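A.B. asks: Got a sequence here, can you build the structure:
(2 chains)
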Amino acid sequence: MRASARPATGTRATRRRRVLATAVLAASALLLSGCATAADGTAGPAAGGSPGAGHTSAALSGDLTIFAAASLTDAFTELATRFGEKHLGVTVKPVEYDGSSTLATQLIEGAHADVFASADQTNIDKVGDAGLLEGSPRAFTSNVLEIAVAPGNPHHITGLADLASSGLKVVLCAPEVPCGSAARTLLDADHVTVKPASDEQNVTAVLTKVGLGEADAGLVYVTDVTAAKGRVDGVPIPDAAKATNRYGIGVPKAAENPAAGRAFVAFVLSKHGQAVLARYGFGSP
Amino acid sequence: MSRDAASVPRGLMIPAFVALALLVLPIVGLIARADWASVPAAITSREAADALWLSLRTGVTATLLCVVLGVPLAAVMARTGPRLGGALRTLVTLPLVMPPMVGGIALLYLLGRNGLLGGSLTAVGISIPFTTAAVVIAQAFVAMPFLVIAVEGALRTAGTRYEVVAATLGASRWRIFRTITLPLVAPGLLAGTVLCFARALGEFGATALFAGNAQGVTRTMPLAIYTAFNGAGVSQQSAVALSLLLIAVAIVILLLMRGWRAGAVR
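C.D. replies: Numbers count the residues shown, from 1 in each chain, chains lettered A, B, ... in the order given. Take a look at the predicted model:
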């Protein structure tokens, strides 16, 4: 950095540098304040969560913080709203959606949530294995893959075998992430070899590329196709059940409001909660 | 150097120390938590070698592109009137304030199959997304401002005195640029090049969206690190190992450039 310090003698350069410094300061202040709210999302009377208060709808109060896998976005936003309507004493915070792996890492590193809903078993087990989960996680729903294509299916793709065609640009999730490992399981089961143009980091990235027309086809979850109706069409895979993704849910031990967390988990597992999930294309657990 | 240090007011030492701690401690944290037993395997894997080689190739290419195109732009900016110069500076700074993801989307909208220019490119058989060229373009897009702003600042500081004198002595514009302007701004150019290369090496968001993530083609180190991080379990440790490798390579390159500059000054 010594090199850059030299030309700074001119007043203009100095001023510009000062502006830059202010901007950096402001940015870090924003960042810090962001951390602060995330760290003490407590505020509410978390102590109200007496043990055993889980199954009654009475006496629930305080804030409810939910961490959920990105693929649950639409379904959980509705579930959270419904839950808030049933339990007026509870302030349901906007659900935090991210990749299951990111959320698991945040929880392990000390983030507070009253509910963690993961898109797979691995990531919720990781939190459980670290001793940070109340009891063992519950499977609450499932998802299968579908082929996402441009609206109207211009390349007339009818099944996995068509994806092997060299003229097609196919994008998959990276094998490291759940949608990617499921995609490979299915392709292997059907003895189809695909050379993907890209191993995307998550389903959203696959959808974006198919939706923009940069890729001709991609493997995503049925629920993603439902959510992206109009931007992409879905081609069902007959034996998709061979690579079913099972979602796990649990209440972290570090929950500020475990009573509300348990009640929300019970709500998701209830007939009513399952019906909401089914409407967004999710399968039974 | 020691006199410079002595002239810094004592009161500045504390914030300076906090700043240094803010920058360095997270890296110490990364090193402290690394699972050293798994580091050798992770950084010698085929995947790591591919990603590092790709990162170095694309980072160098993007930096060269930025120097070749960015220095002339900086010269134009520094030597035009305040209004045009100010407007150009704003335009050049835009990529800095844009989240790189947005940069990636913007590049897709321009050069993608259905993009503003991409449509015509596709018609003549050129497809940029998912290629190594896309990586270089994404890196140049996010890194160029660093170079242009550094060089432009240096040019303004250097002023036009020597250039005017050379012109009165009959030197051509091109000769003045080569023999006076460039040597005068060499330190600024070097600083800008270092920043530019560092930014290109760390570029992630625009690459992920615009270029994709295919091993050996578009998966640079940052993408390899993120891909590894996304995998549950063991692969997060390889994400840390790959990060350490990237940091080590960056330090070596920065030290080399520093040494080169020290030599040049003497």
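A.B. asks: Name the next helix or strand following the helix or strand of chain B with the lowest mean pLDDT along the chain.
C.D. replies: Sorting the helices and strands of chain B by mean pLDDT, DSSP states H and E puts helix B:2-6 at the bottom, at a mean of 54. Note on helix B:2-6: by DSSP states H and E, the next helix or strand toward the C-terminus is helix B:13-33.
A.B. asks: buried stuff in that next one?
C.D. replies: By neighbour count, and taking 16 or more other CB atoms under 10 Å in any protein chain shown as the criterion, helix B:13-33 has no buried residues at all. (C-beta placed from N, C-alpha, C; glycine too.)
A.B. asks: What are the contacting residues of the helix or strand containing residue A:83?
C.D. replies: Remark: residue A:83 resides in helix A:73-86, with elements defined by DSSP H and E. Residues from elsewhere that reach helix A:73-86, judged by CB atoms under 8 Å, 6 or more residues apart in numbering or on different chains: A:57, A:64, A:66, A:68, A:90-92, A:95, A:97, A:117, A:223, A:227, A:263-264, A:267-268, A:272-273, A:276-277, A:279-280, A:282.
A.B. asks: do that again at 6 Å, thanks
C.D. replies: The set of residues that contact helix A:73-86 without belonging to it, under CB atoms under 6 Å, 6 or more residues apart in numbering or on different chains, is A:68, A:92, A:95, A:97, A:227, A:264, A:267, A:273, A:276, A:277, A:280.
A.B. asks: Same question for stretch B:145-152.
C.D. replies: By CB under 6 Å, 6+ apart, the residues outside stretch B:145-152 that reach it are B:66, B:70-71, B:73-74, B:77-78, B:92-93, B:95-96, B:185, B:188-189, B:191-192, B:195-196, B:199.
A.B. asks: distance between stretch B:235-248 and the chain's centre?
C.D. replies: From the chain centre to the centre of stretch B:235-248 is a distance of 20 Å (CA atoms, centre = their mean, to the nearest Å).
A.B. asks: list the buried ones in that stretch?
C.D. replies: Along stretch B:235-248, the positions that meet the burial threshold by neighbour count (16+ other CB under 10 Å) are B:235, B:236, B:237, B:238, B:239, B:240, B:241, B:242, B:243, B:244, B:245, B:246.
A.B. asks: Surely the second one is in a helix?
C.D. replies: Looking back up the chat, that one is residue B:236. Yes - assessed by DSSP: H, G, I helix; E, B strand; the rest coil, residue B:236 belongs to a helix.
A.B. asks: mind checking the SS state of residue A:246?
C.D. replies: Applying three-state DSSP to residue A:246 yields a three-state assignment of strand.
A.B. asks: Tell me what it is bridged to.
C.D. replies: Assessed by DSSP bridges, residue A:246 has beta-bridge partners residue A:142.
A.B. asks: Count residues in the vicinity of it, would you?
C.D. replies: Neighbour count for residue A:246, taken as other CB atoms under 10 Å in any protein chain shown: 17.
A.B. asks: If you count neighbours, what's buried in stretch A:243-258?
C.D. replies: Buried residues in stretch A:243-258, counting neighbours by 16+ other CB under 10 Å, are found at A:243, A:245-252, A:255-258.
A.B. asks: actually stretch B:157-172, not the one I typed
C.D. replies: Along stretch B:157-172, these residues count as buried under the neighbour rule (16+ other CB under 10 Å): B:157, B:158, B:163, B:166, B:171.
A.B. asks: same check, this time on stretch A:100-112
C.D. replies: Judged by neighbour count using 16+ other CB under 10 Å, the buried positions of stretch A:100-112 are A:100, A:101, A:102, A:103, A:104, A:105, A:106, A:107, A:111, A:112.
A.B. asks: Then stretch B:222-232?
C.D. replies: Residues of stretch B:222-232 classed as buried under the neighbour-count rule (16+ other CB under 10 Å) are B:222, B:223, B:224, B:225, B:226, B:227, B:228, B:229, B:230, B:231, B:232.
A.B. asks: Tell me which residues are up against that stretch.
C.D. replies: Outside of stretch B:222-232, the residues that reach it under the criterion CB under 6 Å, 6+ apart are A:101, A:122-123, A:126, A:174, A:176-177, A:201, B:51, B:202, B:204, B:213, B:235-236, B:238-239, B:242-243.
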